[in-house]
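**Student:** return a 3D structure for these sequence lines:
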Amino acid sequence: MSVKIRLQRHGKKGKPFYWIVAADARAKRDGRFLEKLGTYNPNTNPATVNLDVDGAVKWLQNGAQPTDTAKTILSYKGAMLKNHLVGGVRKGALTEEQAEEKFQAWLEEKAGKVASKEENVAKAKSEAKAKALEAEKAVNEARVAAAVEEVAPEVVEEEVAEEAAPEAVEEATPEIVAEEAAPEVVEEAAPEVVEEAAPEVVAEETTPEEATEEKKEESAE
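**Tutor:** Numbers count the residues shown, from 1 in each chain. Below is the predicted model:
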């Protein structure tokens, strides 16, 4: 029986989640399997991989063939390297201690690379968030400036109207005062005109006979 190490799909639509399994090559992709070796979640950055390295190496030593994707995942977790080291120990090229030492050194180096990648990803997310906030702030400032420009002409018109109102009142006041003062001028001027005109009127109304009698009285005195 030929065995393959492959991925078995699980998860929701649009968010796949995979099991890493050792299964009969004749079985369906998502059908029965011989052993579950780990999980693979591509929805995170970097991808999350949990793998039983020793179990995967055992199946590899027994002739299991990984698919291309599964082989990449096994290499990422060091299963392919450990399988190579175990083969070297079997041939006598290495001792188990040397093989284990090399494998641990590789794991430390790999952990450093993964940590560096996670740091870079977090930094990139932070920078992207900061840029998004700056862009949003710029948009809000532009909206406020546009609103101020729309309101400014109305305010200026109101201020001009308020400044023009007192001038109109001042210009109209002298005319009103002149109109109100006119009756008083007529009333004050009327008596003088009457007094000055009265003697002339009396003199004109005296008859000739009355004037002759007055002269006689003056001569008799």
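**Student:** only C-alpha atoms for contact and neighbour calcs from this point on.
**Tutor:** Will do.
**Student:** can I assume residue 94 is in contact with residue 88?
**Tutor:** Yes: here residue 94 reaches residue 88: they are 5.7 Å apart, a contact under CA atoms under 8 Å.
**Student:** residues in contact with the helix or strand hosting residue 6: which ones?
**Tutor:** Assigned by DSSP states H and E, residue 6 falls within strand 3-12. Here strand 3-12 makes contact (CA atoms under 8 Å, 6 or more residues apart in numbering) with 16-25, 29-30, 63-67, 69-70.
**Student:** neighbours of residue 20, how many?
**Tutor:** Using other CA atoms under 10 Å, residue 20 has 25 neighbouring residues.
**Student:** surely it touches residue 34?
**Tutor:** No: contact criterion CA under 8 Å: residue 20 and residue 34 do not qualify, at 10.9 Å.
**Student:** any idea how far residue 59 is from residue 148?
**Tutor:** 73 Å (CA to CA, to the nearest Å).
**Student:** among the contacts of strand 3-12, name the ones in strands.
**Tutor:** 16-24, 65-66 (DSSP state E).
**Student:** for residue 139, state which of the residues you listed is nearest.
**Tutor:** residue 16 (37.2 Å; CA to CA).
**Student:** name the nearest residue to the closest one, ignoring sequence neighbours.
**Tutor:** Spatial nearest neighbour of residue 16, excluding adjacent residues (CA to CA, 6 or more residues apart in numbering): residue 10 at 6.0 Å.
**Student:** check that neighbour and give its pLDDT.
**Tutor:** On pLDDT, residue 10 comes in at 91.
**Student:** residue 92 now?
**Tutor:** At residue 92, the pLDDT value in this model is 86.
**Student:** OK, contacts around it?
**Tutor:** No contacts exist for residue 92 under CA under 8 Å, 6+ apart.
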